[in-house]
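Peer 1: Build me a model:
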Amino acid sequence: MTIPAKGKSQFYPGQPVPVELFAGRRSQIKHIITRGIHQVQLGHPVAVFVQGEYGIGKSSLAGFLQWHAEREHSLHSIYASLGSAETLDDVGAGVLEATLRSGALDPSRAEKIKEWLAKYVGEQSLFGLLTLHTEVLKRDGPSIAKGMLPFLTEAFDRLRDTGINGLFLVLDEINGLAGDPKFARFVKGIVDSNAISRSQLPLLLMLCGVEERRREMIRQHQPIDRIFDVVEITPMSKQEMKDFFELAFKTAQVGVQPDAMELMTDYSAGFPKIMHLVGDAAYWQDQDGIITKDDAVEALLIAADEVGKKYVDQQVYRALRSKDYHSILRSIAETGTALSFRRSEIARGLTDSQKRKLNNFLQKMKRLKVIRSGDVKGEYLFNIRMVRLYIWLEYLRRQQTKNKKSRPPT
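Peer 2: Numbers count the residues shown, from 1 in each chain. Now for the predicted structure:
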């Protein structure tokens, strides 16, 4: 049998989505363009906090907005991923490196930045990639952090003659920093110093994180709560998910049957990270250029394992796969994908023996910080939606495995 060669997958599990495949989020995009990007274009600095659960698509939204801001509003974009940063010195080095790597859409700007920051630039690699003197970056990180606003202002001044109207700085992956009071004061200091400056820097400062990280910053330095325009990113609607899948598969010249689309949208539950896992698995599962229901089911089973392995803490993952808890997890899964559940509704479908394990399960999940008690007695809420979705997908996987075993041989 000849299997047709596959082209490029249009799905990006674990990575921000390329701008040409970005779909949905119209209200949030309109809000940030109107109240953020356009205001900065006019010379007024703005600070935005994009908040939403892990895997909801915050980084992809930031990437799309930066692309739009550069193309339509002449803002120069700098994207700093701070996932490995633990101190303000690391933040300084991270923003410095991000500045060096900026300007991809305009070679003239990229060249000016390289000339300005030439001491950090190494030899060009065999594949034309920019290599950096990381030891020098780390050495100068502390001074950049202490003088972040002057550094950004100099970047703007050096690029002004290229036609830019302002800067768009994204600080992403801030989980390791939000609990440090120095970081909260650092962010507040940038905003306040710029506000009282005689010549304000037209800067759109965007932080991306879960709501708890923003609240953690407020606990560390209460005045931080008034500087941000907070934009909430919620799970995508069914239509937005459908639009995304249709665009991605169409770009790969693959069709999707309606019942397959129904399955993929239902079980992705509005989470881009799940959508990309499901879509990528379906793309590689397909052998005839059309995603069928069977292809979609197999893709969902693959996605269930991937979510557990990649996005669920391994201690939690092992606990959730325990045979002792299968019946409890089934009862939770049957309630849907809501973040809250009642102990009484879970216990309803359990045997007396299983009910006795329910208390142990709930206490263990609380110790692992997967769930917390709700405001109503007997109510529990998931802290991490990715775990909730994993339970949902794992339930589907078990049901499909059970159905396959029960089919009579043909």
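
Peer 1: only C-alpha atoms for contact and neighbour calcs from this point on.
Peer 2: Will do.

Peer 1: Residues in contact with the one helix or strand in the chain whose mean pLDDT sits lowest: which ones?
Peer 2: Of all regular secondary-structure elements in the chain, judged by mean pLDDT, DSSP states H and E, the least confident is helix 385-406 with a mean of 74. Helix 385-406 has contacts (C-alpha atoms under 8 Å, 6 or more residues apart in numbering) with 53-55, 267, 269, 300-301, 303-305, 307-308, 311-312, 320, 329-330, 332-334, 336-337, 339, 370, 382.

Peer 1: mind exporting that helix as CSV, just the C-alpha atoms?
Peer 2: Taking Å, rounded to 0.1, in the frame of the first residue of the first chain, the C-alpha atoms of helix 385-406 are listed here in CSV:
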residue,chain,number,x,y,z
ARG,A,385,-8.3,23.3,34.4
MET,A,386,-5.7,21.3,32.5
VAL,A,387,-6.2,18.5,35.1
ARG,A,388,-10.0,18.8,34.7
LEU,A,389,-9.6,18.4,31.0
TYR,A,390,-7.3,15.5,31.4
ILE,A,391,-9.9,13.7,33.5
TRP,A,392,-12.4,14.4,30.8
LEU,A,393,-10.2,13.1,28.0
GLU,A,394,-9.0,10.1,30.0
TYR,A,395,-12.6,9.1,30.6
LEU,A,396,-13.1,9.2,26.8
ARG,A,397,-10.0,7.1,26.3
ARG,A,398,-11.2,4.4,28.7
GLN,A,399,-14.7,4.3,27.2
GLN,A,400,-13.3,3.9,23.7
THR,A,401,-10.9,1.1,24.8
LYS,A,402,-13.8,-0.6,26.6
ASN,A,403,-15.9,-0.4,23.4
LYS,A,404,-13.2,-1.8,21.2
LYS,A,405,-12.8,-4.8,23.5
SER,A,406,-16.5,-5.5,23.6
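
Peer 1: So what's the residue count around residue 192?
Peer 2: Taking other C-alpha atoms under 10 Å as the criterion, the count of residues near residue 192 is 12.

Peer 1: Could I get the buried residue list for the helix or strand that contains it?
Peer 2: Following DSSP states H and E, the helix or strand that holds residue 192 is helix 181-195. Counting neighbours by 16 or more other C-alpha atoms under 10 Å, one finds that the buried residues in helix 181-195 are 181-185, 187-188, 190-191, 194.

Peer 1: Over to stretch 336-353?
Peer 2: When burial is assessed from 16+ other C-alpha under 10 Å, stretch 336-353 yields the following buried residues: 336-337, 339-343, 346-347, 350.

Peer 1: Which ones among these map onto strands?
Peer 2: Secondary-structure check on these using DSSP state E: residues within strands are 340-342.

Peer 1: Let me have the buried residues of helix 181-195 in TSV, extended by distance to residue 324 and pLDDT.
Peer 2: Formatted as TSV, these follow (distance: C-alpha to C-alpha, whole Å; pLDDT from 0 to 100):
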residue	distance to residue 324	pLDDT
181	42	94
182	45	95
183	43	96
184	44	95
185	47	96
187	47	96
188	49	96
190	52	96
191	52	96
194	57	96
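
Peer 1: Reformat these as JSON lines; add distance to residue 376.
Peer 2: Output for the buried residues of helix 181-195, formatted as JSON lines (distance: C-alpha to C-alpha, whole Å):
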{"residue": "181", "distance to residue 376": "33"}
{"residue": "182", "distance to residue 376": "37"}
{"residue": "183", "distance to residue 376": "35"}
{"residue": "184", "distance to residue 376": "33"}
{"residue": "185", "distance to residue 376": "36"}
{"residue": "187", "distance to residue 376": "37"}
{"residue": "188", "distance to residue 376": "37"}
{"residue": "190", "distance to residue 376": "42"}
{"residue": "191", "distance to residue 376": "40"}
{"residue": "194", "distance to residue 376": "45"}
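
Peer 1: of all the residues you listed, which two lie farthest apart?
Peer 2: For the buried residues of helix 181-195, with distances taken as C-alpha to C-alpha, the pair at the greatest spread is 181 and 194 (20.0 Å).

Peer 1: Just the buried ones out of the contacts of helix 385-406, please.
Peer 2: When the contacts of helix 385-406 are checked against 16+ other C-alpha under 10 Å, the ones flagged as buried are 53-55, 267, 269, 300-301, 303-304, 307-308, 311-312, 320, 329-330, 332-333, 336-337, 339, 370, 382.

Peer 1: how deep is residue 376 tucked in, by neighbour count?
Peer 2: Other residues near residue 376 come to 8 when the count uses other C-alpha under 10 Å.

Peer 1: and if you look at residue 106?
Peer 2: Around residue 106 sit 13 other residues, with neighbours defined as other C-alpha under 10 Å.

Peer 1: could you say what helices and strands the helix or strand containing residue 241 packs with?
Peer 2: Element membership of residue 241, judged by DSSP H and E, is helix 238-251. Taking 3 or more C-alpha pairs under 8 Å, 6 or more residues apart in numbering; DSSP states H and E as the contact definition, the neighbouring helices and strands of helix 238-251 are strand 255-256, helix 258-268, helix 272-285.

Peer 1: And the longest one, how far out from the chain middle?
Peer 2: Distance of helix 272-285 from its chain centroid, counting by C-alpha atoms, centre = their mean, to the nearest Å, is 16 Å.

Peer 1: how about stretch 228-237 as PDB, C-alpha atoms only?
Peer 2: The C-alpha atoms that make up stretch 228-237 are tabulated as PDB, following Å, rounded to 0.1, in the frame of the first residue of the first chain:
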ATOM      1  CA  PHE A 228      -3.200  47.600  34.700                       C
ATOM      2  CA  ASP A 229      -6.000  47.400  32.200                       C
ATOM      3  CA  VAL A 230      -6.900  43.700  32.900                       C
ATOM      4  CA  VAL A 231      -8.000  41.700  29.900                       C
ATOM      5  CA  GLU A 232      -9.500  38.200  30.600                       C
ATOM      6  CA  ILE A 233      -8.900  35.400  28.100                       C
ATOM      7  CA  THR A 234     -11.600  32.800  28.500                       C
ATOM      8  CA  PRO A 235     -12.100  29.400  26.700                       C
ATOM      9  CA  MET A 236     -12.900  29.700  23.000                       C
ATOM     10  CA  SER A 237     -16.500  29.400  21.800                       C
END
